[in-house]
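Asks: fold the following and give me the result.
(2 chains)
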Amino acid sequence: QPVMSKLFISVVSWLVAFAINHRVGGQSHKRRRTSEPIEIEDRLESLICRVGEKSTSSLESNLEGLAGVLEADLPNYKNKILRILCAVARLLPEKLTVYTTLVGLLNARNYNFGGEFVEAMIRQLKETLKANLYTEALYLVRFLSDLVNCHVIAAPSMVAMFENFVSVTQEEDVPQVRSDWFVYVVLSSLPWVGKELYEKKDVEMDRLLNQIDGYLKRRLKTHVPMLQVWTAEKPHPQEEYLDCLWAQIQKLKKDRWQERHILRPYIAFDSVLCEALQHNLPPFTPPAHTPDCQYPVPRVVFRVFDYTDAPEGPVMPGSHSVERFVIEENLHNIIKSHWKERKTCAAQLLSYPGKNKIPLNYHIVEVIFGELFQLPCPPHIDVMYTTLLIELCKLQPGSLPQVLAQATEMMYMRLDTMNTTCIDRLLNWFSHHLSNFQFRWSWDDWADCLAMDADKPKPKFVKEVLEKCMRLSYHQRIVDIVPPTFSALIPAEPIFFYKYQDEANSKCAGYAVAITVGNAIKNRASNEEILTVLKDVPNPNQEDDDDEGEGFNPLKIEVFLQTLLHLAAKSFSHSFSALAKFHEILKALTDCDEGKLHILRVVYEVWRNHPQMISVLVDKLIRTQIVDCAAVANWLFSPNMAHEFTRFYVWEILHSTIRKMNKHVQKIQKELEEAKEKLEKQQHKKDSGDEEDMERNSEDEDGQLEEQIERLQEKVESAQSEQKNLFLVIFQRFIMMLTEHLVRCETGSVDFNTPWYKNCIERLQQIFLMHHVTIQQYVGTLENLLFTAELDHHILAVYQQFCALQL
Amino acid sequence: MSIKLNALFSDSYVDVSQYRDQHFKGNRYEQEKLLKQSNTLYVGNLSFYTTEEQVYELFSKSGDVKRIIIGLDKVKKTACGFCFVEYYTRADAENAMRFVNGTRLDDRIIRTDWDAGFKEGRQYGRGKSGGQVRDEYRQDYDPARGGYGKVVARPQSIRTTT
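Replies: From the prediction side, this is the model:
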C-alpha cells in the first residue's frame, strides 16, 4: 500500500509540473518516460521557482497545490526542497511573500519541516554575512521577518533578533557603515512585519525605534555631498538613504502600521496558518567586525518625480510613504534578477503586481535612472540601462517614451546643479538612445542654451551630446538633425591638421625632412633608412656642437609622427598599423619622459578636431608601451591642454588610462596567485605522492616555479608602484590647479565657484568615486603626502567625503 | 548556498547560435569549443557606409575593444556590410551580446554572433559577386547595401546558368 501511494504521489507531482509548465510556457524539457530522482529534483526546482507566475489558476490555488505536492515529497526530497526554498529566499526578494506563504503552509502541515527550514535559513544567514554578501543577507532577514506573518516564527524571537542587530550601534571602534547596515536591515523589514511586531511587543519595539532614532541623530553624514546627484534641495531633496527610510517608517508608524501595497497571499490562508505552531528563532549574535568585512557603501535616494508629475491616472505615492519604498525595492530587485535578459526584465517590470494603482511607468523610469546615476557606481553596466529603456519603449510605445522625454526634459532643466559624473552618464545615455530613434528630438525646446556662455552646463551638455551623436553617425548627419540656430554647438568636422601640408609651410623647420620621410614611408623604406633620414633634423633644444643629438629632440618627433599619422589618417586601422609598423622608431624617439609628453602633444595637434581618434591612439600608445600612464596624466593636466580641461573626452581618456593601469595590476596579481597555487599543489603532491617518481622531477619544477614566483612578485610590486605613482601624479595636479584657482579668487575677492571650479572639483571627486576600491589601498600615503591639514578645506573635504564611504 | 536556480536565471542572449562557419578548419567539436571561449563577435546587417569609427564607438560601450576588422567585398575591396569585433575579455564580448546585439547602428538593427576567431581571408564576403551571400539572393531594395540583391540586379545570369 505505502509503495503504491508513493508512486501515485510522484506521478501526481509529475503531472502537476507538466501542467504548470505547459500553461506558463516554460523552457522546453525533454519529456522522458520514467521519473528518475534527478528529474524529480529538477521538476521540484522548476515548480517552486515558477509559482506566482502568470497562470490560469489563482495564486492561492497554485500555492495550495504546490504545498500539497511538496509535503508529499518531503520524505524523499526534504534536503533538496530545503535548499531550493533557501535559495529563493535569498535570490528572489521580489517574490518574498509568495514564498513565505508557501513555507507557512508547509509549516502548518509539517511542524518539523518548518523548524528545519528556519535552522537552514539561520545557517545561510551566517554564511552570507561571512562572505560579505550583505544584500543577500538583507533579503534573508526580511524573509524571516515575513515568516512571522505566516505564523512560522514567533514575534518575540524576531524582536529579539532585531534588538541584537540594533545593539551593534553601541559597538565602539567599528566603521559606521557596519552599524548602518544592521539598522537598515531592521528598518527595511518593518513595512512587512511592523504591524505584527507592534501588536505583540510594542514596548520593546518602541525602545528599538528610540535607539535607532538616537543613532541616526548622532551618525556622521560626511559622505552625502559626494553621493548626491543634484546639489540643490529643490525640487526634490536628495536624501540620505537611512534618513529617507526612517522618515518612511515614522510615517508608517503614525499610520498605525497600515500598509496596503504589499501583496500578502498568506492573508487568504489565515485560518489554516493561525492553527500552526510557531518556532523561536535561535538567539543570533551579529558576527564581529573584522578588517576583511566590506560593508555596503552608503547611498542617496534618487528622486526625479513626485505626485505632480503624472498628469492622469493613479497618483504617485509620496517620497516618505512606505509604498514608495516597497515599490522601489521591488523594481530594483526585478532588475537585479533579470538584468542580463532585457526582454524578460522589461516584461517583469511592466507586469508588476498592483500596477494599476500606481503610475508604474514613472516609477520604472525613476528607478532606472536612479541606478544609472548611482554614485559611486551603477549596480550594473551603463549600456544595460540604455537597452532596457529601449526595450520598455518597444513594449509600451504609447506611454513610456513620453515619460522618458519628460524625465529628460527635467534633467536638462536641472543641469546646473547636477553632479558632473552624472552629467557624463546622462549624455552617454541620451546620445546612444537618440541613435536608436533617428536622432529625433525637439531641440528647439532647448533653445535657451544658445544665449548662454559656452562653458555653462546647458550649452556644454548639448555640445557634448552632439559630439557623441556624431561618433555614432557622421558630421553631416548632425548638421541635418539640429535647427540652424544650433550651428555653434555642432562639433567640428573631424579632419587632420598636417603641419607640412603644402608649399605655404615650406618655411617650417623640418619641412624638407618631412617630405623625405613621407616618401620613404610610401616607398616602404626600412626603419634604419628612416632613422638615417631623421638624423638630419636639427634639435632646437641643443647647442650646435653638441653630441649626436641622442637626447630628446622635439622636432624629430614632430616631423616623423605628423607625417606618419598623416599618411595613416584614413581610418583607425590604418593608424594602428602605422604605429605597429614603426614601433621601434617611436620607442627610440620617446625614450625619455619629455619624449613621451611630446608625442602626446603631437597627436593632439594633428587630431584636435577628432577627439575619438586621439582617444584610441592614446590607448594604443599605452598598450604598446610607447608612453606610460603617468605621461598621459601629465599631458592632460599640462598647460597646453588647459583649454580642453572641461571637455568630456579628456576625462574619458584619463579614466580609461587609470582602468588600464588597474587591469594590468590585477592581471599580474592573478598570475602570481595562480603560480603560488600551482606550487602549493605540487608540494602537496610531493607530500602525499609516490616518493620515487616525484623526487626526480619535482625539485626542478619547484625551482622553476619558485623562480617564476619571485619574478612575478617583483612584477607585481613594480606594477603597484606604478599604479600608486599614477594616482599621486593625478591628485598632485588637481591640488595644484585647485589651490591656484582658490588663491587667485581670494586675492582678487572674486567668487571661486565658477563653472570651471565646479567641473574641476567634481572631476576630482569622480576620480575617488570611480576608483574608490583601488585608491583605498593608498590611503595612508595620500593622507601623509597630499591630503594634509594644510590643504584648503574645500579640497580636503573631497578627500574626507571619500574616506567616509567606508568609515 | 550552492544552488544557482538554473531554471530561472537564464542568460540566453549569450548563447551560441545555430550558425556554423562552413569554411572552418576543424571539426564541429573544435568549432563549438572556440565559440564558447571566444572574445570575437561577428556583426552583421551593417550599412556599407558604416565606418570603423562608428563600430568602435558603439561596441566600446560594453568594454575595451581590441580590434575591428571591417568586412570587404572580395572584388571591390570596399565595405560590404559586416565586421568582426574582438574584445580583450570574454566578459566584455558577452555584454555586447546582451546589450548591443539587436540595437541600431546607423539606423539599422545590427546582429551580433559569436565567432571562432578571425583568420586572414575571413574578412572577405563569400558571395559569388564578391559581397556577402545574403546580398546575392535577397529580393528587396536596400539603399545602404548596394540597392537590390545581385540576383535581382542581373536576372540574365540566372537564365544562362545551368
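
Asks: can you list contacts of the helix or strand harbouring A:Leu96?
Replies: A:Leu96 belongs to helix A:96-109 when assigned by DSSP states H and E. Residues from elsewhere that reach helix A:96-109 (C-beta atoms under 8 Å, 6 or more residues apart in numbering or on different chains): A:48, A:51-52, A:59, A:63-64, A:66-67, A:70-71, A:85, A:88-89, A:92, A:113-114, A:117, A:139, A:142-143, A:146-147, A:149-152, A:192, A:262-266, A:269, A:272-273, A:275-276, A:279. All C-beta atoms are positioned from the backbone trio N, CA, C, and that covers glycine.

Asks: buried members of these into PyMOL, please.
Replies: The PyMOL selection below is limited to those of the contacts of helix A:96-109 classed as buried (16 or more other C-beta atoms under 10 Å in any protein chain shown):
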select buried, chain A and resi 48+51+52+59+63+64+66+67+70+71+85+88+89+92+113+114+117+139+142+143+146+147+149+150+151+152+192+262+263+264+265+266+269+272+273+276+279
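
Asks: now, which of the contacts of helix A:96-109 lie within helices?
Replies: The members of the contacts of helix A:96-109 that map onto helices under DSSP state H are A:48, A:59, A:63-64, A:66-67, A:70-71, A:85, A:88-89, A:113-114, A:117, A:139, A:142-143, A:146-147, A:149, A:192, A:272-273.

Asks: considering only the residues you listed, which also neighbour chain B?
Replies: Residues of those in contact with chain B (C-beta under 8 Å from any C-beta of the partner chain): A:Val88.

Asks: okay, now the unreliable bits of chain B?
Replies: Along chain B, the parts satisfying pLDDT under 70 run over B:1-4, B:6-8, B:154-162.

Asks: flag every residue of it that's near chain A.
Replies: Residues of chain B that fall close to chain A, judged by C-beta under 8 Å from any C-beta: B:1, B:3-14, B:51-54, B:56-58, B:61-62, B:64, B:67-70, B:95, B:98-100, B:103-107.

Asks: buried subset of those, written for ChimeraX?
Replies: Filtering these down to the buried ones (16+ other C-beta under 10 Å) takes a single ChimeraX command:
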select /B:5,7,8,13,14,51,52,53,54,56,57,58,61,62,64,67,68,69,70,95,98,99,100,103,104,105,106
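
Asks: which of the residues of chain B next to chain A fall within helices?
Replies: Per DSSP H, the residues of chain B next to chain A map to helices at B:Glu52, B:Glu53, B:Gln54, B:Tyr56, B:Glu57, B:Leu58, B:Asn95, B:Arg98, B:Phe99.

Asks: from those, which is closest to A:Ile81?
Replies: Nearest to A:Ile81 among those, counting by C-beta to C-beta, is B:Arg98 at 32.4 Å.

Asks: residues in contact with the closest residue to that closest one other than its chain neighbours?
Replies: Closest residue to B:Arg98 apart from its sequence neighbours, by C-beta to C-beta, 6 or more residues apart in numbering or on different chains: B:Tyr13 at 4.4 Å. With contacts defined as C-beta under 8 Å, 6+ apart, B:Tyr13 is in contact with A:Lys340, A:Glu341, A:Arg342, B:Met97, B:Arg98, B:Asn101.

Asks: wait, the first one sits on B:Asn95?
Replies: Same thing as A:Lys340. No - counting by C-beta atoms under 8 Å, A:Lys340 does not reach B:Asn95; the two are 9.1 Å apart.

Asks: mind listing the helices for the stretch 451-600 of chain A?
Replies: Assigned helices in the stretch 451-600 of chain A, in chain order: A:457-472, A:475-481, A:511-522, A:527-534, A:554-567, A:572-581, A:583-589, A:593-607 (criterion: DSSP state H, counting those that start in this stretch).

Asks: how about CSV for the ones you listed, with distance to chain B, mean neighbour count and mean pLDDT added?
Replies: Formatted as CSV, the helices of the stretch 451-600 of chain A follow (distance: least, C-beta to the nearest C-beta, whole Å; neighbours: other C-beta atoms under 10 Å in any protein chain shown; pLDDT from 0 to 100):
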stretch, distance to chain B, mean neighbour count, mean pLDDT
helix A:457-472, 4, 22, 97
helix A:475-481, 9, 15, 97
helix A:511-522, 19, 18, 91
helix A:527-534, 23, 16, 90
helix A:554-567, 15, 23, 94
helix A:572-581, 5, 17, 96
helix A:583-589, 16, 17, 93
helix A:593-607, 12, 21, 96
